[in-house]
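Engineer: Okay, here's the prediction I keep looking at, along with the sequence it came from:
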Amino acid sequence: LGRHKLSRHENPEPLYDQEDAEACMELFQSVDFHQVIQLGDIRFHLRPVGHILGAACVIIEAEGKCVGFSGDVGRLNDIFMRPPAPLPALDMLMLESTYGDRRHEDVDLLSQLADIVNETVDKGGNILIPAFAVGRAQVLQHMLTDLMKAGRIPRLPVYLDSPMAIDVSEIYCRYEDQHRLSSSECHEMCSTVHYSRSVQDSKALADQAYPHVIIAGSGMATGGRILHHFKRLLGQHRTTVIFAGYQAGGTRGAKMVDGAERIKIHGDWIPVKARLEVLSGLSGHGDFTEIEQWLAQSDLAPETPINLIHGDPDALEAMKDHLRQNTRFEVDVAGYQSILRL
């Protein structure tokens, strides 16, 4: 921040450093799904919800009542993750509504990605994919590996240029019972993709011959190694940039998707001449119809109170209206600092 003059402070300092982060890790305890934990008078357990590896809803029991907190709920037919486990009977559910006003398109993502790659390769260009380190980077590796194996795209170098995403990929392969990929598919994915761990490895990609694919963080192009590749390649019309996730307003990714002709990176204005594509069906969040189906598969009584959280105002209202019209649950939007009593 100081080097690129991106802070309002003359000498910006981090809120915490690596030593602090490593020290706090001693406070974490791993818990298996469905393992019941007792904390005083409160009991709770976690159930998988398929958003990303380890994503869980929390089921809390106390004073004869049972309350569920959904967390981020995954897709019913995700490429990578298993579907969310059904909920037990509850006295109240706090339910996310990220996609409360949006429905995922029914598209063939593998064919869409194959077309983009083949068209870029035919031009002699390369492909840059900003990706979230957890979940999205692994799905993209799997899709590209599958397409090459099936002969739908040529065998070309694929680089994962994100130390965090590399570590996460190895964790995904370690816990293959938690997702849809087999052991052989995990091994093939990790052995096909080249991992750029060091800064030197990342810089060396500038010398790679076309065509190739670089997957790097961050997913919204707010930081990370993808920015260095953008500075180098956004000005070339042969380059293709694929956005494979939600782009929040005000981020570089959102500005590019909205058609910005230049974006500012490290103090310089970089022209955007590359082709831009969006893979919109890779979200790890279930939409309002998928969440409705998940609720129907669960053991919730018809009049179970559901309070909606974790959504923009429009999404909260749209999901409330949908569930009220299509279910018998008592649905409302949780108010800020409100107190709910059972």
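Structural biologist: Nice, I can see it. Numbers count the residues shown, from 1 in each chain.

Engineer: Any idea how many residues pack against M81?
Structural biologist: 25 (other CB atoms under 10 Å). To be clear about C-beta, it is placed using only N, CA and C from the backbone, and glycine gets the same treatment.

Engineer: Need phi/psi at it.
Structural biologist: phi -90, psi 150 (degrees, to the nearest 10).

Engineer: Packing partners of the least confident helix or strand in the chain by mean pLDDT?
Structural biologist: For the chain, counting by mean pLDDT, DSSP states H and E, helix 183-192 ranks last in confidence among helices and strands (a mean of 92). Judged by 3 or more CB pairs under 8 Å, 6 or more residues apart in numbering; DSSP states H and E, the packing partners of helix 183-192 are helix 136-149, helix 163-174.

Engineer: Wait, a strand at L15?
Structural biologist: No - per DSSP: H, G, I helix; E, B strand; the rest coil, L15 lies outside any strand segment and is coil.

Engineer: Run a quick neighbour tally on it.
Structural biologist: Counted with other CB under 10 Å, L15 comes out at 5.

Engineer: what does E330 give?
Structural biologist: Neighbourhood size, E330 [other CB under 10 Å]: 14.

Engineer: who are the neighbours in contact with it?
Structural biologist: If you count contacts by CB atoms under 8 Å, 6 or more residues apart in numbering, E330 has them with 303-306.

Engineer: Restricted to buried residues, select those residues in ChimeraX.
Structural biologist: If you want just the buried ones from the contacts of E330 in ChimeraX, going by 16 or more other CB atoms under 10 Å, the selection is:
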select :304,305,306
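
Engineer: any idea how far the closest residue to T222 other than its chain neighbours lies from Q138?
Structural biologist: Nearest non-adjacent residue to T222, counting by CB to CB, 6 or more residues apart in numbering: T251, 5.3 Å away. From T251 over to Q138 the distance is 22 Å, taken as CB to CB, to the nearest Å.

Engineer: Looking at these two, which one has more neighbours?
Structural biologist: Comparing T251 with Q138 by other CB under 10 Å, the one with more neighbours is Q138, at 31 against 19.

Engineer: Now for that one: which residues touch it?
Structural biologist: Contacts of Q138 (CB under 8 Å, 6+ apart): 80, 165, 168-169, 172, 189.
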